[in-house]
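**Student:** Got a predicted structure plus its sequence, pasted below:
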Amino acid sequence: MTKRIYILFFLISFSNSYTQVEKEIAPPFNIKTVSFVQNNNNVLPFFKLGDNFELQFDDLFGNEADYYYTITQYNYDWTPSSLAKVEYLNGMDNQRIITYENSFNTLQLYSHYRQQFPNKFNRITKTGNYIIKVFNDEQEIVFSRRFIVYDESVSVASEVRRARDFESINEKQNIELSIKYGDLVLQNPINNVKISIFKNGNWENSISNIKPQYTIGTELIYRYNKETQFWAGNEFYTLDNSQIRVTNNSVGRVTSGDIYNSHLYTNNARKNSVYTYFPDFNGNFVVLNSNAENSQIEADYSWVYFTLNAPDFFDRENIYITGMFNNYVMNEENKMAYNKESGLYEKAILIKQGYTNYQYTIANKNKEIDYKNAIDGNFYQTENNYTILVYYRGNNDRYDSVIGIANTNSEGIRN
């Protein structure tokens, strides 16, 4: 009997030690403009339990292919939840996405897919971390996206301040927050309450696993000097090709072939420049054909040609063009190449018509981002959006629920 208990304990320990953190799977080249949508706007993937939202994407093959989806819950650290699917999903997933339209009056053919949640087949019943996976008709995974479902059982107050340490006072932004849970009964909140902080909807630079610094009654206080700091970065660049045949202050030249080509003005590295405010969408994008009624299927695609003048970074091999339009992914599709003749970094990316925020991201060969030496610098005045999510897992609970949310902006940053 003792031997069996030992073997069982060993197997459980072995399984836990190899529990994998679930990562998002980037879509292939033909799948473009993947986004979560509410009220016809691309939004950050944080949704209140019961609210309606959609997953949308385009397939450039335009052959009305069949796609299916599954929804899976995960723990706070994105390891698989121990709940059975019937415990967090009312109904059945692995359903075919039946709402789609083909593009209209565009040079680039595509099929536009929309899947609404909740729907007649399923409804999420618990808060938490989730991943939606999209499969083709051969049950091969095409891509996956994270999203979070929350409730507002606690009150969260937050603000953005300048960093307190002298070394980065001009380059970082610090998030301070407090969580008031009032009459809500929380077991051992110091250990059982967790937070995640997101900047401009980017999963990769989020901050987590920060415990409350101290408590006052039923209020948890987070006023750290370094643990909740973000590199401030700089304002995003904005591409405007909402009128795809027209030049403007971002598009210097337009040519045509099988589809349109938008040649942007050269961007100069801003690291050593004075901070200048430029209105942006904090990394987001807006699909828009100014001359159409339904931009979702009437907005065209164009090859967008980026050029970057960054002489101080000429020896860097891994510079990427990122934003919410490509989920901040760093891959070969958006990796720039150095042109020795012109001394510029260059890249062409296929992007849907409209307004698109983008930035230049520098990373090492392991795709670890070098925030400190950002091409466009770090300025504490930069306007950024921050989202704080509050998790709770009681001593006997089997999943991490999301019990609060707060959104704050650095526009009114304080010293």
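**Tutor:** Sure thing, it's come through. Given the structure is predicted, the values throughout are model-derived calculations rather than measurements.
**Student:** residue ranges for the helices of this structure, please.
**Tutor:** 2-17, 85-88, 189-192, 295-298 (DSSP state H).
**Student:** By mean pLDDT, show me the worst of those helices.
**Tutor:** In terms of mean pLDDT, the lowest-scoring of the helices of the chain is helix 2-17 (a mean of 47).
**Student:** okay, now the domains of this protein?
**Tutor:** The domain map for the chain lists 21-150, 155-232+382-412, 239-362, with the assignment taken from automatic domain parsing.
**Student:** For D370, which of these is the nearest?
**Tutor:** domain 239-362 (5.0 Å; CB to CB). Every C-beta, even on glycine, is put in place using the N, C-alpha and C of the backbone.
**Student:** Mean neighbour count and distance to E368 for the domains of the chain - can I get that in a markdown table?
**Tutor:** Converted to a markdown table, the domains of the chain look like this (neighbours: other CB atoms under 10 Å; distance: least, CB to CB, whole Å):
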| stretch | mean neighbour count | distance to E368 |
| --- | --- | --- |
| domain 21-150 | 17 | 15 |
| domain 155-232+382-412 | 17 | 10 |
| domain 239-362 | 18 | 10 |
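**Student:** Distance to I375 for the ones you listed - can I get that in TSV?
**Tutor:** Output for those, formatted as TSV (distance: least, CB to CB, whole Å):
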stretch	distance to I375
domain 21-150	22
domain 155-232+382-412	12
domain 239-362	5
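**Student:** Which of these sits closest to K372?
**Tutor:** The nearest among the domains of the chain, by CB to CB, is domain 155-232+382-412 at 6.8 Å.
**Student:** Relative to N373, which of the domains of the chain is closest?
**Tutor:** If you check each of the domains of the chain against N373 by CB to CB, domain 239-362 wins as the nearest, at 6.7 Å.
**Student:** shaky segments in the stretch 51-200 of the chain?
**Tutor:** Flagging of the stretch 51-200 of the chain using pLDDT under 70 yields an empty set of residue ranges.
**Student:** My guess is F53 contacts Q38. True?
**Tutor:** Yes - under the criterion of CB atoms under 8 Å, F53 is in contact with Q38, at a separation of 5.0 Å.
**Student:** Please enumerate the shared neighbours of those two.
**Tutor:** Any residue near both F53 and Q38 by CB atoms under 8 Å, 6 or more residues apart in numbering counts here, and that gives F47.
**Student:** contacting residues for N170?
**Tutor:** When the contact criterion is CB under 8 Å, 6+ apart, the partners of N170 are 378-380.
**Student:** Reformat those as JSON lines; add pLDDT, distance to I197 and neighbour count.
**Tutor:** Shown next, in JSON lines, are the contacts of N170 (pLDDT from 0 to 100; distance: CB to CB, whole Å; neighbours: other CB atoms under 10 Å):
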{"residue": "N378", "pLDDT": "97", "distance to I197": "17", "neighbour count": "21"}
{"residue": "F379", "pLDDT": "97", "distance to I197": "20", "neighbour count": "23"}
{"residue": "Y380", "pLDDT": "96", "distance to I197": "17", "neighbour count": "21"}
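**Student:** Break down the stretch 1-150 of the chain into its strands, ranges please.
**Tutor:** 31-38, 41-42, 46-48, 53-59, 67-74, 89-91, 95-96, 99-102, 111-117, 122-124, 128-136, 141-150 (DSSP state E, counting those that start in this stretch).
**Student:** Generate JSON lines for the ones you listed, with distance to K172 as supplementary columns.
**Tutor:** Formatted as JSON lines, the entries for the strands of the stretch 1-150 of the chain read as follows, by distance: least, CB to CB, whole Å:
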{"stretch": "strand 31-38", "distance to K172": "29"}
{"stretch": "strand 41-42", "distance to K172": "28"}
{"stretch": "strand 46-48", "distance to K172": "24"}
{"stretch": "strand 53-59", "distance to K172": "32"}
{"stretch": "strand 67-74", "distance to K172": "30"}
{"stretch": "strand 89-91", "distance to K172": "40"}
{"stretch": "strand 95-96", "distance to K172": "45"}
{"stretch": "strand 99-102", "distance to K172": "44"}
{"stretch": "strand 111-117", "distance to K172": "36"}
{"stretch": "strand 122-124", "distance to K172": "36"}
{"stretch": "strand 128-136", "distance to K172": "27"}
{"stretch": "strand 141-150", "distance to K172": "25"}
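**Student:** closest to D315 out of these?
**Tutor:** Put simply, out of the strands of the stretch 1-150 of the chain the one that sits nearest D315 is strand 31-38, at 32.0 Å, with distance taken as CB to CB.
**Student:** My read is that F121 contacts D93, right?
**Tutor:** Yes - A contact is recorded between F121 and D93 when judged using CB under 8 Å, the distance being 7.4 Å.
**Student:** ok so, going back, and of the domains of the chain, who's closest to Y371?
**Tutor:** Closest to Y371 of those, according to CB to CB: domain 155-232+382-412, at 3.9 Å.
**Student:** Does S273 touch F379 like I think?
**Tutor:** No - S273 sits out of contact with F379 when judged by CB under 8 Å, with a separation of 9.5 Å.
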